[in-house]
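Colleague: have a look at this prediction, sequence included:
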Amino acid sequence: MNKEEKSTIITTTTATAVMPSEHTSIRQRRSLNACMVQNFLLVWLDSSIDPENNNDCKNTISKLKEVVSSVNTFTDADECIDFINDLKQDRVFMIVSGTLGQTTIPIIHEMLQLSTVFIFCANPVRHEEWAKKWPKIKGIFTDIALICKALQQAAQECDQNMILISFITTSSESSKQSLDQLDSSFMYTQIMKEILLTINFQQHHIDEFLTYCRDVFANNPNELYHVNELQQEYHKHLPIWWYTYDCFLHWMLNRSLRTMEARSIIRIGFFIRDLHDHIAKLHAQQFAGKSTSNSFIVYRGQGLSKADFDQLIKSEGGLLSFNSFISTTMNLQVSLEFARKAMESSDLIGILFVMKIDPSIASTSFADICDVSYCKQEAEMLFSMHSIFRVGSAEQMNENSRLWQVNLTLSNENDPDLHVLTEYTRDETKASIPWLRLAKLMIKLAQYTEAEDLCKTLLTQGKCHDYDIGNIFYQLGVIKFHLKNYAEALKFFEKSLQIRQKQLSSQHPDVADCYNDIAIVHDSIGDYSKALSSHQKAQEIYQTTLYLNHPQLATSYHNIGVVYNHMDNYSNALSSHQKALKIRQATLPSNHPQLATSYSSLGSVYDKMGDYSNALSCHQKALAIRQKVLPSNHPSLAVSYNDIASLYYKMGDYTNALSHHQKTLEINQKSLPLSHFDLIASYNNIASVYDKMGDYPNALSFHQKTLEIHQKVLPSNHPQLGTSYNTIGSVYNNMGEYMNALSYHQKALEIYQKTLPSNHPELITSYNHIGLVYNNVCDYHAALSYYQKSLEINEKILPLQHPDLTNSYNTIGSVYEKIGFYLNALSSYQKVLQIQQTTLPANNSELATSYSNIGSVYNKIGNYSDALSYHQKALEIYKKTLDSNHPTLSTSYNHLGWVYFNMGDYSNALSSYQNAFEIRQRTLPSDHPELATSYNYIGSVYNKMHDYANALSYHEKALEIHQKTLPSNDRCLATSYSYIGWVYISMSDYSNALSSYQKALELREKDLSSNHPQLATSYNNVGSFFHQRYAAINVTKNNLFVHDQQKKRTKHIAICRQISLNDSSSAKPQISN
């Protein structure tokens, strides 16, 4: 086996990779065939389209198909808009009726996909005025023949402008030989070209291509004629003749090379090779014996997107590659006209490339094709794919900022970084069979389905030696691993191992490779002991047979580090990953993807250790490398964005978390089928961030997208549906809609109880969710019952000191704390702390949370010295591990302030509350509810310090925020009125005190059930007022009423319990008073 196979699989062992797929959305499927042929799609929107019953309409479509391969017709504007919006890589030409155009074009005009619009109507005058506002409208037509003519020209220009160009830019600080940026398509196109030129294509490849084309063009008689023509006369004409002939072949080739779609390239590979060989043959005939002194100039005019143009300008002194075959001319005016025409699109910059060609350069094939071209145009020079040029100066022409001349020089130079990385990639795709080499390249490009097809085809042909069969099984194992089919992956790796053990010695590195990847599969399914054992077998072989810094030793250390990380053995994990990184830094180029893998893995360990700063630094280094060397929609980029988003989430930086999760989603939406796990995970992650930001409608919307997908593709009792119900229930819980929350959590529990073992972890999740809802509606007995069910399962399936037990102990402790069972709460929290001190580093943030919880209990039982000590320990850890503006720091300062307040140390209480306030003031909007909380805390201290003016001022600021941002009956408004009433009581202003307390009472009576404890608090406040104002008058009566209200809570609790016993239904359960 070649050494590139040894590390193929490890790049996704530290995170969930995202897999592309051949599948498309329902709307996209209707244009799939057309998409595979041309760089553009034609859309026709008109409410009167009816080709089944209208001959004029049918004839119009036939005429259009003489120019384009397919016509996508719509009678509904919304459906048409959705279709265009779903397209990612192609340009859209649109024919639209005047009436629908007037309402539709303003909506879609700025979409980058939309290239050109033709208005087709019977009354042009009626639409002339509004059409002038939209530059993409190229005319108003009454004759379809004129549209066809304009469409043909637009198609030619589109093809010219959409040739893929790759750049390698120079550093401004360095010489032209030191290039620091790499466009990955530059490298992969070169490797693809090398592979295609080694494949011996046969007649059956041409026949398979023609069969495919007949399927594509089944409804297009014009193109079917060309298919038959190609079948009968392919060998009668030269390849360049076919390339310049006006048929689908030219379009299909250009689009395949632009998109790098493996299946398309494989189908048309025979023609790519024939065309290259023909150009190379002409080149040898035309330029034999020519020297640099015979250099000449050719021109090319085209449009570039603004993004590509910016990249071009930055690339002066660097390299540029046209990744497809390109046509040039010695006629300046012809090229200049193409450049000028490109400017008619507001999305494009017109470019005139002036290319200096040294005919002595042998690395690039080009030829004058006027004698062999179908078009017989004079002075046309055709270059083979992947022609490389040095970028010279760029100048504006005629003071028009959107028309530029760019000077290029044909180059045979190779950037040193590119050369080293390309050699590694070339080495990593070595194989004795060219088709297997192509399959390995497809794996690197994450095109797994295509790679699998190639491997299976090789097996069915029955022409491979045993050793090659072992390698094919190995690649199938890699593919199945990436597709998360772990059972199949294990099967193929074990088959490969059996063959290699027979063919090679037991100590051969190829045998170690199989142990290595078998271990990775075991790791992925959670069988860590088997994973570690297999990795150690592999490492023993590597250490025996390979030199000290061999890259495969780095892979071995890396993979062992991954397993240790999953086993929560962080010190060994960190040590192993650092060994891997050290070897890779010594042996690999600075932008090699395996360095990114090392950084990502180190980041994962630091993340688990709670060292978010180092974790973020590592993941950002991984992302920087992947952005340089991978395609923009590669799964590993999605992994990096997701890892960074997760860290920002944990650090409380929700804006950055949301931004990076959205980037992950963009990649996943482009490359994954609707029901793919990673796409669903993206929706859930974005929902979780919105949830944390308090944007519950958006959180609910994204979770409901997940639920809708699950309901479409899964059986009604599938556990994943339970997960969706739980996430939606959690959002309703955060919104205070507890009955909706309980309903969804009960649906989840029902599914889990029917489909999962009685000790399954998902049951733990459901019990915890339901416990939390009961906790929030103050049914602490029921909450405790569900939390204890969760703990019982955890204690059955986990070791006594397992970290997952801490969640159960924490939730149980919090309930005991709320019902005043402080010793029980303290016992639970101390169990958590004991486990964490055994398993976590000294500065882990989870330890700080435990210190804080214990400190809060000590505060409530009046042990203020211990409370202060634990809260200070928590604060010290948070200061070391969190950003200075992290919201958890503000919470920690508030806890300290609370203890100082209870101790009567109002000066330190005020200082702590102000520290918390300053963090919130720096990071939150001026009307955020948490600022109101801080104002109330500070106001309460001023009240105790008898500074009533400041106390009243701060409480009124809190009230002002609540009035601006909350519903008029929100309970937080009642809290603010209660604080204000308290100050007025202290000031002996009983009239205002009574007014404030009554407002609080009115709000709570509207918002809360009649037996809620906070309502009893309001009655007590009013009772307190009467006590202070009128001594003992009415106090007894008031307190009796409070007691009566508390007794009514049993009714509320009984109703909640009844809901938990009822079957879930579509009706929302209600609590009656």
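Modeller: Thanks, I have the structure now. Quick caveat: nothing in here was measured; it's all calculated off a predicted structure. Residues are numbered from 1 along each chain as shown.
Colleague: going forward, measure contacts between C-alpha atoms and count neighbours the same way
Modeller: Will do.
Colleague: for the stretch 601-750 of the chain, which segments count as helices?
Modeller: Using DSSP state H, counting those that start in this stretch, the helices found in the stretch 601-750 of the chain span residues 612-629, 635-650, 654-671, 677-692, 696-713, 719-734, 738-755.
Colleague: next, the angle from the third one to helix 677-692.
Modeller: Angular relation of helix 654-671 and helix 677-692 on a 0 to 180 degree scale: 160 degrees, by axes from the mean of the first three to the mean of the last three Cα atoms, to 10 degrees.
Colleague: repeat for the first one
Modeller: Per the same axes, to 10 degrees, the angle that helix 612-629 makes with helix 677-692 is 140 degrees.
Colleague: which helices and strands does helix 612-629 pack with?
Modeller: In terms of contacts (3 or more Cα pairs under 8 Å, 6 or more residues apart in numbering; DSSP states H and E), helix 612-629 is packed against helix 593-608, helix 635-650.
Colleague: from the ones you listed, which stretch is densest packed?
Modeller: helix 593-608 (a mean of 26; mean count of other Cα atoms under 10 Å).
Colleague: rounded mean pLDDT for that helix, please.
Modeller: The average of the pLDDT scores along helix 593-608 is 93.
Colleague: ditto for stretch 943-959
Modeller: Computed over stretch 943-959, the average pLDDT equals 94.
Colleague: surely Ala932 and Lys957 touch.
Modeller: Yes. At 6.9 Å, Ala932 counts as touching Lys957 under the criterion of Cα atoms under 8 Å.
Colleague: so those two - more neighbours on which side?
Modeller: Between Ala932 and Lys957, counting by other Cα atoms under 10 Å, Ala932 is the more crowded of the two (24 against 19).
Colleague: what's the helix or strand for the nearest residue to the more buried one once chain neighbours are set aside?
Modeller: In space, and not counting its chain neighbours, Ala932 is closest to Ala958: 4.0 Å by Cα to Cα, 6 or more residues apart in numbering. Using DSSP states H and E, Ala958 sits within helix 948-965.
Colleague: summarise which helices and strands that helix is packed against.
Modeller: Right, helix 948-965 is packed against helix 929-944, helix 971-986 by 3+ Cα pairs under 8 Å, 6+ apart.
Colleague: who's in contact with stretch 694-712?
Modeller: 674-675, 680, 683-684, 686-691, 720-721, 724-725, 727-728, 731, 734-735 (Cα atoms under 8 Å, 6 or more residues apart in numbering).
Colleague: so which bits of it are buried?
Modeller: By neighbour count on 16 or more other Cα atoms under 10 Å, the buried set for stretch 694-712 is 696, 698-707, 709-711.
Colleague: any idea how far Ala218 is from the nearest residue to Arg255 once chain neighbours are set aside?
Modeller: Closest residue in space to Arg255, ignoring its immediate chain neighbours: Asn39 at 5.6 Å, by Cα to Cα, 6+ apart. Asn39 is 19 Å from Ala218, where distance means Cα to Cα, to the nearest Å.
Colleague: what count of nearby residues applies to Gln627?
Modeller: Around Gln627 there are 21 residues (other Cα under 10 Å).
Colleague: ignore the last one, Ala586
Modeller: By other Cα under 10 Å, 12 other residues sit near Ala586.
Colleague: any idea how far it is from Ser115?
Modeller: In this view, Ala586 and Ser115 are 49 Å apart by Cα to Cα.
Colleague: check Tyr948 too.
Modeller: Separation of Tyr948 from Ser115 (Cα to Cα): 68 Å.
Colleague: for these two, indicate the residue with more neighbours.
Modeller: The neighbour count for Tyr948 versus Ser115, taken as other Cα under 10 Å, is higher for Ser115 (22 against 19).
Colleague: three-state assignment of that one?
Modeller: Under DSSP: H, G, I helix; E, B strand; the rest coil, Ser115 falls in the strand class.
Colleague: quick check: it touching Phe93?
Modeller: Yes. Counting by Cα under 8 Å, Ser115 touches Phe93, with 5.8 Å between them.
Colleague: need the contact list for the residue lying closest to Lys964 once chain neighbours are set aside.
Modeller: Leaving aside its sequence neighbours, Lys964 sits nearest to Asp927 (Cα to Cα, 6+ apart; 7.5 Å). For Asp927, the contacting residues are 961, 964-965, by Cα under 8 Å, 6+ apart.
Colleague: ok, now which ones touch Ile797?
Modeller: So, once contact is read as Cα under 8 Å, 6+ apart, Ile797 ends up touching Asn759.
Colleague: scratch that, Tyr809
Modeller: Counting by Cα under 8 Å, 6+ apart, Tyr809 has contacts 791, 828-829, 831-832.
Colleague: likewise for Val689?
Modeller: 649, 654, 657-658, 699.
Colleague: I am finished for the moment; much appreciated.
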